[in-house]
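Q: fold the following.
(chains A and B)
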Amino acid sequence: MKQILFLIILFEFFCCNFIYSKDILTEKNYTEIEVRDGGTVIGNVKYMGVPAAVGKNLYRDWELSDASKTASEKLIFSKINNGLKNAVVSLKDITQGKKKIIPAIRPIIDQQNDCFIPHAIAIVSGTTVDILNGDEQMHNVHTRSTRNQPFNLGTTYKQRISKRFDYPEIIKVTCDLHKHAYAWIVVIEHPYFDMTDRNGYFEICDIPPGTHKFQVWHEELGNIEKEVTIHPKEITTIDFIYSQH
Amino acid sequence: MKPKVLLDKVGFWRATAVTGAALMLSIAPMTVSAVNIPTEVTDLGKDTYKKYCSPCHGEEGKGDGPLARSMLPKPRDFTRGAYKFRTTPSGSLPTDEDIYRTVSYGVPNSTMIPWDILTEEQRASVIPVLKSFSEAFEVRKPDAPVTVGLPLRPTERAIEEGKKIYEEKLECWKCHGVEGRGDGPSAAEQEDDFGFPIKPFDFTTGKFKGGNSAQDVYLRFTTGLNGTPMPSFAKELTDEQRWCLTYYVMSLVKPEGTKK
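A: A predicted model of the protein is given here:
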């Protein structure tokens, strides 16, 4: 009798513990293998559109806040080679490849002068991102995501928010106090991706040989896809071109 | 029979075991007493949702029912798993009890009525139906509820301290206005996650949407309101500061007669 009663106590104790225990659901579509003679892809993402015509400045003689004078970063392309900035090139439907390396130094998104700097980052899933507030005023950091846990936190001067993103998703980060400010966090499941620089160049290396589907994402211009054959230990050059949307 | 004799008869160990078990049961979280919340979607739940919820929230929970067009604030779109009134941290999914609470008590200043015309069983049966609309409940689990600290006493000093936080530290007035009327400089441009315009809360009405007790108000800015511009200030404020802000915000309520 004694033993049974003790068992009951123990059982209830465990019940109480299990109610609050969290188990994280993980799902894996990507396996890491050793890539010996992988190929490299370099290329350029171009925007062949006409820049928006400069309209008459109706606010010329008005006193405006500093924030409204900063140019929008949503569509930036080089005037020399039409290279598009902040486009993310990645391999689509790849199931195995090189090892995922999570950067030792966390990527940073800073809020300065009511703007998010940088405007977009691409990370591999499992990376922790630091979001800072460099302004001497209140901001908030508001993400809209379904698979990764969204958050909406108020931040004061020199406050730091660290969040880990575990699932592939394209996440918009906004500040509700300053509506024009937003940033993008592109989370990708595998390490085969790159973000274009200010001249639209990118480079992805150690790709297993074979035919792969490449995808480019840009916040304004959407997605384009292209199939490319990768040869072992060779450099393949490809160009992605967005026509006028 | 004397108590001592009884103890001898039953045995010391048995008595301890029974007391221990009773204590353990009292520790276990049982906020919704005697209401059994089903884990699977039941026929009762489906019928109740279709009859009472879908006219506003839509057949598929997208917040697009036939009556939704004429409403502001809009009925909640359940597909994102963003629930406003929770006891869990910012961004987290709600616990079943949180959903049950909102269904039972309704949301003042909106078209969501307290559904106390339904039986407890009916209200509880709707919860798995709501959860089935969002893939978020398959991927994530709700975090543990936040701990509510010991309340301070609502003294003059606490209210004074709260005023400082409201006006200087957190700049709540930017949206909610200096007098708490929801008319701050950033108020006009606010919109929720679904792109609909949303008004910052007017504290002078005194009808707090998540409940009128001090603990409810405390929870609102500790957990934030998912899907709206209202952030969580869990990192910014200490427990004491949060109670001060709670009392200040509650002191902004104007009695009915003194309003303009």
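Q: count of neighbours near whichever residue of the stretch 101-250 of chain B sits closest to chain A?
A: At 3.4 Å from chain A, B:P229 is the closest residue in the stretch 101-250 of chain B, using Cβ to the nearest Cβ. Backbone N, C-alpha and C define where each C-beta goes, glycine included. Applying other Cβ atoms under 10 Å in any protein chain shown, we find 23 residues neighbouring B:P229.
Q: please list all residues in contact with it.
A: A:140, A:142, A:152, A:176, B:175, B:190-192, B:198 (Cβ atoms under 8 Å, 6 or more residues apart in numbering or on different chains).
Q: now the residue sitting nearest the centre point of chain A. Its backbone dihedrals?
A: Centroid check for chain A by Cα atoms, centre = their mean gives A:V186 as the closest residue, at 1.9 Å. Dihedral angles of A:V186 (phi, psi; degrees, to the nearest 10) stand at phi -100, psi 110.
Q: give me the beta-bridge partners of it?
A: For A:V186, the beta-bridge assignment (DSSP bridges) gives partners A:A122, A:I170.
Q: ok, the residue nearest to B:I99 when sequence neighbours are not counted - how many residues close by?
A: Distances taken as Cβ to Cβ, 6 or more residues apart in numbering or on different chains place B:I127 nearest to B:I99, at 5.1 Å, with adjacent residues excluded. If you count neighbours by other Cβ under 10 Å, B:I127 ends up with 22.
Q: quick one on the thing from earlier: of the contacts of B:P229, closest to B:G45?
A: B:D192 (26.7 Å; Cβ to Cβ).
Q: so that closest one is in contact with B:L225, correct?
A: No - applying Cβ atoms under 8 Å, one finds B:D192 not in contact with B:L225, separated by 9.2 Å.
Q: is the residue nearest the centre of chain B in a helix, a strand, or coil?
A: Nearest to the geometric centre of chain B sits B:F85, at 2.9 Å (Cα atoms, centre = their mean). The three-state label given to B:F85 by DSSP: H, G, I helix; E, B strand; the rest coil is coil.
Q: kindly report the same for A:D194.
A: Per three-state DSSP, A:D194 ends up strand.
Q: thought it was touching A:G200?
A: No - A:D194 lies out of contact with A:G200 (Cβ under 8 Å); the separation is 11.3 Å.
Q: quickly find the element holding the residue of the stretch 101-250 of chain B closest to chain A.
A: Taking DSSP states H and E as the definition, B:P229 sits outside all helices and strands.
Q: that one and B:W173: what is the separation?
A: 15 Å (Cβ to Cβ, to the nearest Å).
Q: tally of neighbours for the residue lying closest to B:P73 once chain neighbours are set aside?
A: Spatially, and ignoring its direct neighbours in sequence, B:P73 is nearest to B:S110 (5.2 Å; Cβ to Cβ, 6+ apart). B:S110: 15 surrounding residues under other Cβ under 10 Å.
Q: now A:Y201
A: Counted with other Cβ under 10 Å, A:Y201 comes out at 15.
Q: over to B:W173?
A: So B:W173, with other Cβ under 10 Å, has 19 neighbours.
Q: give the contact list for it.
A: Per Cβ under 8 Å, 6+ apart, neighbours of B:W173: B:166-167, B:184.
Q: B:F133: which of these is nearest?
A: Distances from B:F133 to the contacts of B:W173, taken by Cβ to Cβ, are shortest for B:G184, at 33.7 Å.
Q: which of the contacts of B:W173 sits closest to B:Y49?
A: Using Cβ to Cβ, these come closest to B:Y49 at B:G184, 37.4 Å.
Q: check which helix or strand covers the closest one.
A: With DSSP H and E as the test, B:G184 turns up in no helix or strand.
Q: thought it was touching B:E167?
A: No - using Cβ under 8 Å as the test, B:G184 is too far from B:E167 to be in contact (11.3 Å).
Q: overlap in contacts of those two?
A: B:173, B:178.
Q: compare the two (neighbour count), which wins?
A: The residue with more neighbours, out of B:G184 and B:E167, is B:G184; 20 against 13, by other Cβ under 10 Å.
Q: which residues does the helix or strand containing A:G154 contact?
A: Assigning secondary structure by DSSP H and E places A:G154 in strand A:152-155. For strand A:152-155, the external contacting residues (Cβ under 8 Å, 6+ apart) are A:111, A:131, A:133, A:138-143, A:161, A:176, B:90-91, B:170, B:224-226, B:228-236.
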